[in-house]
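Asker: could you look at this predicted model? Sequence included:
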Amino acid sequence: MSDLPPLPVTFRPGRTRAVLLSAAATLFVIVSTIALLLDRLGPGERISFVFTAALLSAVALMLARPKVVADESGVTVVNFASTRRLEWAQIVQVHLRVGDPWVFLDLSDGTSLAAIGIQPGIAKAQAIADARTLRALVEARSGGPRD
């Protein structure tokens, strides 16, 4: 297929990621600034505010982590708290059905893996295009469509 992108290619929810990264930075700056500006707070309370801001920002950063990276030898799926490396032959099918929160990969061992890096939340058209591209890459790299 000539319309396939050159490898490696990274799929990630760009708009969602931008919102989460902006929220993390804004949250940290605002809560830390409040902690520093409130005269009634002692040093321990200020540290507690900053620590809480850092913790909440870390959660937003973790939510911004998902991506799917396709390269010559396979696919790496990075989800919120896990990373899994797959060879092309391990991926049987790529699904993004109506109502699905993200792409699912059917694997040769009979299991399914969520690929949260392709999600239709804020950017549905982009997610559909990314899912089609990943499906085409799987078909091209594994010898055609399989059931």
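Answerer: All right, it came through fine.
Asker: C-alpha only now, for contacts and for neighbours.
Answerer: Fine.
Asker: the chain: helices as residue ranges?
Answerer: 14-37, 43-63, 124-142 (DSSP state H).
Asker: now do the residue nearest the centre of the chain, the pLDDT please.
Answerer: Of all residues in the chain, the one closest to the mean position by Cα atoms, centre = their mean is residue 66, 1.8 Å from it. Looking at residue 66, its pLDDT stands at 97.
Asker: residue contacts, it?
Answerer: 12, 13, 77, 78, 79, 80, 115, 116, 117 (Cα atoms under 8 Å, 6 or more residues apart in numbering).
Asker: give me phi/psi at it?
Answerer: In terms of degrees, to the nearest 10, the main-chain angles of residue 66 are phi -60, psi 140.
Asker: show me what contacts residue 118?
Answerer: Contacts of residue 118 by Cα under 8 Å, 6+ apart are 11, 12, 13, 67, 68, 102, 103, 127, 130, 131.
Asker: rerun at 6 Å
Answerer: 12, 13, 102, 103, 127 (Cα atoms under 6 Å, 6 or more residues apart in numbering).
Asker: pLDDT weak spots in this structure?
Answerer: 1-2, 144-147 (pLDDT under 70).
Asker: try it again at 90.
Answerer: Where the chain drops to pLDDT under 90, the residues are 1-4, 121-123, 142-147.
Asker: can you pick the most crowded of the contacts of residue 118?
Answerer: Within these, neighbour counts (other Cα atoms under 10 Å) peak at residue 13, which reaches 25 neighbours.
Asker: need phi/psi at that residue.
Answerer: Dihedral angles for residue 13 - degrees, to the nearest 10 - are phi -80, psi 90.
Asker: residue 116 versus that one, what's the distance?
Answerer: 9 Å (Cα to Cα, to the nearest Å).
Asker: could you do residue 10 as well?
Answerer: 13 Å.
Asker: so between these two, which is more surrounded?
Answerer: The residue with more neighbours, out of residue 10 and residue 116, is residue 116; 23 against 15, by other Cα under 10 Å.
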